[in-house]
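Asker: need a structure here:
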Amino acid sequence: MTVSFWTTTALAGTGRLNSWRARGRAGLSRFRADESGVLQYPMFVTLICMLAVLGIGVDLVRLERDRTHVQYALDRAVLAAADLDQELEPAAVVQDYMSKSGVGEYYRTPDAQVTPTSKRVSASVDADFDPEWMQVAGVKDPLPLYAAATAEESIGNVEISLVLDVSGSMRNNNRLVNLKRAAKEFVQTMSDNTEDDKMSMSIVPYSTQVSMPAQFLDQLSVEDAHDVSYCLNFDSSDFSTTSLSTLKTYERTMHFSIWSTSDQRDRNRHVYQPICASHDDNPERTTILLEDDVDTLQDYIDAFDHSENTSLDIGMKWGVALLDPSVQPIISALTVGEDALVDAKFASRPTSYSDTDTLKVVVLMTDGQNTHQPRVNDSRRSGNSEVWYNEDANVYSTYNPQRSYNKYYWHNKNRWMDHPYGNGSYEDEVCTGTVYNGYCYYGRWKTVTVDEPGTAEELSFAELFADTPLQYIYYYLFYDWMNFYDARDEWYYDVYNSVGASAKNTRTQAICTAAKEAGIIVFTIGFEAPYGGQEVLRQCASSDSHYYDVDGLEISDAFASIASAIRQLRLTE
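Answerer: Numbers count the residues shown, from 1 in each chain. Okay, the predicted model is just below:
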């Protein structure tokens, strides 16, 4: 086959063109697949933005760090300056704190408002912060660094219950003397550091029981067992609440004594050392309600005397109840009338627990620990006692139903008769001469009818126990004709039962817990107290720092510390 030159040349040119085309298509494919270098500029811009944002964040963190440091220093400075015990000028205190914290360059003269009962200090910082990284984003001006703090220490509205142990052991080691001094100083301090009409103080002296004003109990529903003294027997459930109920009927404590042996009936006095102190015989034991007069409170404390057992639970229950809003209607009622028991300015107290402007405080003090609390059994709380008394002749007659005749024994006359002495007459042998060693000299014996002076009246159990101690009753009235052990069992041990120390510890903790949960601040003082009492007090207190373990004159330091702590030192802004 013959191919011409042109044909050959044309074919060769066509092949080269096809080769170039193939290489071009391959290069274009490789170009499309290659991404290198395409996002370099966008990535560079993104990196710059990220560095700017990061720089802003760093500067903001630095700003907050510096502001926090300045704020902390400022808070500490105004708290120290607002302390009522601080003798230096507020400006000097703030400057010292700021300088020692390394932020003295921010110092500004603080604003201070000082009164005899309060101190309020306000300070602020308004400075500049120079950013570094933010300049990348174009922020050239400094940023504001601002801090402010206000602290106030004051004794504003405060309701206080002083619950003070006046049991028999307080006679030892001058404890009662030292307590009186410390408590009176506390009253004076609180009065000096409180604005007029801002403080009310109730004082609850306790031993075996707590004696309340008769007018107070008249506002409650209370069993009318007698009208000699005014104490309540609380149930266990009463200690789980801070309140007193106007719907519940409370049991009145019987007026009786298990310790005294001296009969007071012929002297027209009630028994010594009663479980519940009477208003007539022991006025210093009656709780004083919502008072702020220093002389009245201090005179009341000065009159304290010591006797009987220790009932921390009952003392605490009453101390807390007198801070509880449930008794406000009672207090209000006691502010009315010429002989008002409480000043009218306290008619709205105790305030609600939601009233954050009022501080409620209990101070519980003891030198001991819970002991047993005697209570008359139900069978001896009402009804007649089968004991008669002739007041004019001062003669008791007791009844023995087991005798077939002459069932009444006349004490001091030492004879059995068919009626109590004073309710009839009797035949007696008298000597017309002189009696010596049982013989009638210079005369003779003859039978005469004797009219009995006065009138014998059967005593109720309440009347008998109020004036005649249990030990006297069993030993002098019934041991005359009963077996000793039978007399002691029936007229002493069977008359009353007791709430023991363990149960009272549980009750104390219950009322302390209820008080703290309600927002009441609880301070406790163990005054030379045994370990058991210290443990109860430590658990009762609002915290370990609210408990004081003191000896001797240290009790004054404890009360002074509590008075200082009651001041409401706080940051208000």
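
Asker: Just give the nearest non-adjacent residue to Tyr396, would you?
Answerer: Sequence neighbours aside, His411 is the residue nearest to Tyr396 in space, at 4.5 Å (criterion: CB to CB, 6 or more residues apart in numbering). In short, each C-beta sits where N, CA and C put it, glycine included.

Asker: Where do the helices of the stretch 401-550 of the chain begin and end?
Answerer: Here the stretch 401-550 of the chain has its helices, by DSSP state H, counting those that start in this stretch, at 461-467, 470-472, 484-488, 501-518, 531-540.

Asker: Nearest approach to Val177 belongs to which of these?
Answerer: helix 531-540 (20.0 Å; CB to CB).

Asker: Report the residue spans of the stretch 151-300 of the chain with pLDDT below the cut-off.
Answerer: Residue ranges of the stretch 151-300 of the chain with pLDDT under 70: 155.

Asker: An error on my part: the question was meant for the stretch 451-573 of the chain.
Answerer: Using pLDDT under 70, the stretch 451-573 of the chain drops low at 568-573.

Asker: cutoff 50 now
Answerer: 573 (pLDDT under 50).

Asker: on that earlier part again, check the burial of the residue nearest to Tyr396 by counting its neighbours.
Answerer: Using other CB atoms under 10 Å, His411 has 19 other residues around it.

Asker: measure the closest residue to Ala303 other than its chain neighbours to Lys180 for me?
Answerer: Nearest residue to Ala303, sequence neighbours excluded (CB to CB, 6+ apart): Glu284, at 3.7 Å. Noted for Glu284: a distance of 11 Å to Lys180, by CB to CB, to the nearest Å.

Asker: Need the residues touching each of the two.
Answerer: Common neighbours of Glu284 and Lys180, counting by CB atoms under 8 Å, 6 or more residues apart in numbering, are Phe304.

Asker: And the pLDDT at Ala339?
Answerer: Check again: residue 339 is Asp, not Ala. On the pLDDT scale, Asp339 is placed at 89.

Asker: Could you look up the SS state of it?
Answerer: Three-state call for Asp339 (DSSP: H, G, I helix; E, B strand; the rest coil): coil.

Asker: Report whether the residue nearest to Ala303 is found in a helix, as I expect.
Answerer: Yes: counting by three-state DSSP, Glu284 falls inside a helix.

Asker: Count the residues that sit near it.
Answerer: 16.

Asker: List the contacts of it.
Answerer: Contacts of Glu284 (CB under 8 Å, 6+ apart): Pro205, Tyr300, Ala303, Phe304, Asp305.

Asker: quick one, which of the helices of the stretch 401-550 of the chain is nearest to Leu312?
Answerer: Closest to Leu312 of the helices of the stretch 401-550 of the chain, according to CB to CB: helix 501-518, at 4.8 Å.

Asker: quick one: buried residues of the closest one?
Answerer: Residues of helix 501-518 classed as buried by neighbour count (16 or more other CB atoms under 10 Å): 501, 504-505, 507-512, 514-516, 518.

Asker: how is this protein carved up into domains?
Answerer: Taking automatic domain parsing as the criterion, the chain consists of the domains 40-154, 157-376+499-566, 378-494.

Asker: Let me know which of these is tucked in deepest.
Answerer: domain 157-376+499-566 (a mean of 19; mean count of other CB atoms under 10 Å).

Asker: can you tell me the distance between the two ends of stretch 459-472?
Answerer: 15 Å (CA to CA, to the nearest Å).

Asker: Helices of this protein, start to end?
Answerer: 5-33, 40-82, 90-100, 175-192, 214-218, 294-302, 312-321, 328-333, 461-467, 470-472, 484-488, 501-518, 531-540, 554-566 (DSSP state H).

Asker: Make TSV out of those helices and add distance to Asn370.
Answerer: Converted to TSV, the helices of the chain look like this (distance: least, CB to CB, whole Å):
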stretch	distance to Asn370
helix 5-33	94
helix 40-82	40
helix 90-100	46
helix 175-192	18
helix 214-218	24
helix 294-302	23
helix 312-321	5
helix 328-333	27
helix 461-467	24
helix 470-472	22
helix 484-488	26
helix 501-518	4
helix 531-540	7
helix 554-566	20
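
Asker: Relative to Ala225, which of these is closest?
Answerer: helix 461-467 (5.6 Å).

Asker: Who are the packing partners of the closest one?
Answerer: Contacts defined by 3 or more CB pairs under 8 Å, 6 or more residues apart in numbering; DSSP states H and E place helix 461-467 against strand 384-390.

Asker: How far off centre is the strand it packs on?
Answerer: Relative to its chain's centre, strand 384-390 lies at 44 Å (CA atoms, centre = their mean, to the nearest Å).

Asker: again, but for stretch 388-396
Answerer: 47 Å.

Asker: again, but for stretch 253-262
Answerer: 29 Å.

Asker: what sits against Asp266?
Answerer: Asn394.

Asker: State the distance from it to Thr455.
Answerer: Remark: distance between Asp266 and Thr455 (CB to CB) = 16 Å.

Asker: Would you mind confirming that Tyr548 makes contact with Ala529?
Answerer: No: at 10.4 Å, Tyr548 does not count as touching Ala529 under the criterion of CB atoms under 8 Å.

Asker: Now Tyr72. Nearest residue, chain neighbours left out?
Answerer: Nearest non-adjacent residue to Tyr72 (CB to CB, 6+ apart): Ser101, at 7.7 Å.

Asker: now Asn400
Answerer: Lys407 (5.4 Å).
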